[in-house]
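# Give me the fold of what follows.
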Amino acid sequence: MIELKECCKVPFPEKLFEEYEVRETAIYANVNTSKILDIMKRFIEMHDEPLFFILELPCEEDDGGITQERTLLNTTNDYDVYFIDGLNGEQAKHIVDALGKFLIKDGMNTFGIGGHISHEEILFGKYNVTTIYTKNAESYFEILDEFGITKTDNLVTAWDTFDPVHGGECELYISKETGNTIYGIPEMYKEYGMYLYESRKESDEGLSKEITFEELIGKVLLVGITYYTHDEEFIEQKQFYGTVIQADENVICVEQKDGTKFTLPPDLSSTQRAKKGEYKLRCNGEIIVNPDFLATWNLIKPEDN
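Predicted coordinates for the structure are as follows:
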């Protein structure tokens, strides 16, 4: 079981272990809070090049920022992304020391270090999910092993344990001594070169646009079906994906890659547009990249007589 951020909670912490998995051009890992700053410093030592510090904050609501978030499956979030560019190794370590102890307590942010030349990055995000973007994953194996993080072919992160009933909770960390939060960092570090790089407004990408039967046809649909007992106790979740070959007021039919067909009720309220990214099937660890739509169904089994 991993040591989570102070302001993060997950429904099944006993399912999470310090492990890492290699996926194409990235390493995904669960990392204890107490280790991540030292791992970032090792990353810095590996990169003799100009570096940058990256900080992602949820877009503020009103004047106080977002103070709490509950996550069920994949949700859409808007982020402000801040950078400090052109750091040397010592400066990068100084930023990690100065801000890291505060940031690892907060449940809302993602932060990390990257290289301007290699384009490699290490990011520490919600629920202790750490991502190392690299084309040379083997170069990090020794470091991860040194910190007691073991290699696996089927990493289970907190995101994999969420379902429509059991979600994670992230809270804003507020310093008891100063009252400061992560939302004060950009202004505090403005003189050190921190600037707003972009605002990632996923809501602007048309994800909330109404879905029609016609546009489903020929598109990739990722389906998750969660089964519960009659008194709403979680039993299991099944996932599959395929191409929609029929969609109308009678049925939605999905053809999987092995030719198997699966039908769903014609209820578009259970379907949403998928934001770009990687989605892992829990049953076999297969990664689905950029599906077009997601469908989520909750089925309650009747009480046995």
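# Now for Glu177, how many residues are close by?
5 (other CB atoms under 10 Å). Glycine gets a C-beta too; all of them are placed from N, C-alpha and C.
# Same question for Phe240.
Counted with other CB under 10 Å, Phe240 comes out at 18.
# Would you mark the buried spots in the helix or strand encompassing it?
Assessed by DSSP states H and E, Phe240 sits inside strand 234-247. By 16 or more other CB atoms under 10 Å, the buried positions in strand 234-247 come out as 234, 237, 239-244, 246-247.
# now stretch 33-49
Result for stretch 33-49 [16+ other CB under 10 Å]: buried residues 33, 35-37, 39-41, 43-44, 46-47.
# Now do the domain split for the protein, please.
8-205, 213-300 (automatic domain parsing).
# quick one: contacts of the strand holding Phe240?
163, 165-166, 213-214, 216-229, 252-257, 260-262, 266, 281-283, 288, 291, 293, 301 (CB atoms under 8 Å, 6 or more residues apart in numbering).
# partners of that strand, with directions?
Under the criterion DSSP bridges, strand 234-247 sits next to strand 220-228 (antiparallel), strand 252-255 (antiparallel) in its sheet.
# quick one: low-confidence parts of the stretch 51-200 of the chain?
60-77, 164, 200 (pLDDT under 70).
# Break down it into its helices, ranges please.
89-103, 141-146, 158-161, 185-188 (DSSP state H, counting those that start in this stretch).
# For the last one, name the packing helices and strands.
Looking back up the chat, that one is helix 185-188. Secondary-structure packing of helix 185-188 (3 or more CB pairs under 8 Å, 6 or more residues apart in numbering; DSSP states H and E): strand 51-58, strand 78-87.
# I'd like to know which of the ones you listed is closest to Asn154.
Among the helices and strands packed on helix 185-188, strand 51-58 comes nearest to Asn154, with 26.9 Å by CB to CB.
# Let me know the angle separating that closest one from strand 78-87.
Between the axes of strand 51-58 and strand 78-87, defined by axes from the mean of the first three to the mean of the last three CA atoms, to 10 degrees, the angle is 170 degrees.
# Against which helices or strands is strand 51-58 packed?
Looks like strand 51-58 contacts strand 78-87, helix 89-103, strand 110-115, helix 185-188 (3+ CB pairs under 8 Å, 6+ apart).
# Does Glu21 touch Thr157 like I think?
No. With contact defined as CB atoms under 8 Å, Glu21 and Thr157 do not form a contacting pair (9.2 Å).
# Name the residue in the two with the higher neighbour count.
Under the criterion of other CB under 10 Å, the comparison of Glu21 against Thr157 puts Thr157 first, with 23 against 20.
# okay but the more buried one is in contact with Tyr28, surely?
Yes. Because the distance of 7.0 Å satisfies CB under 8 Å, Thr157 is recorded as touching Tyr28.
# so what's in contact with these two at the same time?
Joint contacts of Thr157 and Tyr28 (CB under 8 Å, 6+ apart) are Val129.
# remind me which residues of the stretch 201-305 of the chain are low pLDDT?
201-208, 232, 234, 277-278, 280, 282-285, 304-305.
# What is the neighbour count of the closest residue to Asn290 other than its chain neighbours?
Once flanking residues are discounted, Asn290 sits nearest to Lys276: 5.1 Å by CB to CB, 6 or more residues apart in numbering. When neighbours are defined as other CB under 10 Å, Lys276 has 9 of them.
# same deal with the one 3 residues further on?
The tally of other residues near Tyr279 (other CB under 10 Å) stands at 20.
# for it, what are its contacts?
Contacts of Tyr279 by CB under 8 Å, 6+ apart are 74, 222, 287-289, 291.
# rerun that using 6 Å as the cut-off
222, 288 (CB atoms under 6 Å, 6 or more residues apart in numbering).
# and it, how far is that from Ile54?
Per CB to CB, to the nearest Å, Tyr279 is found 23 Å from Ile54.
# check which helix or strand covers the nearest residue to Gly100 once chain neighbours are set aside.
Using CB to CB, 6+ apart and skipping residues adjacent in sequence, the residue nearest Gly100 is Leu37, 4.4 Å away. Assigned by DSSP H and E, Leu37 belongs to helix 33-46.
# now the strands for the stretch 201-305 of the chain?
220-228, 234-247, 252-255, 261-264, 271-273, 278-280, 287-289, 293-300 (DSSP state E, counting those that start in this stretch).
# I'd like to know which elements the fourth one is packed against.
For strand 261-264, the contact count by 3 or more CB pairs under 6 Å, 6 or more residues apart in numbering; DSSP states H and E identifies strand 252-255 as packing neighbours.
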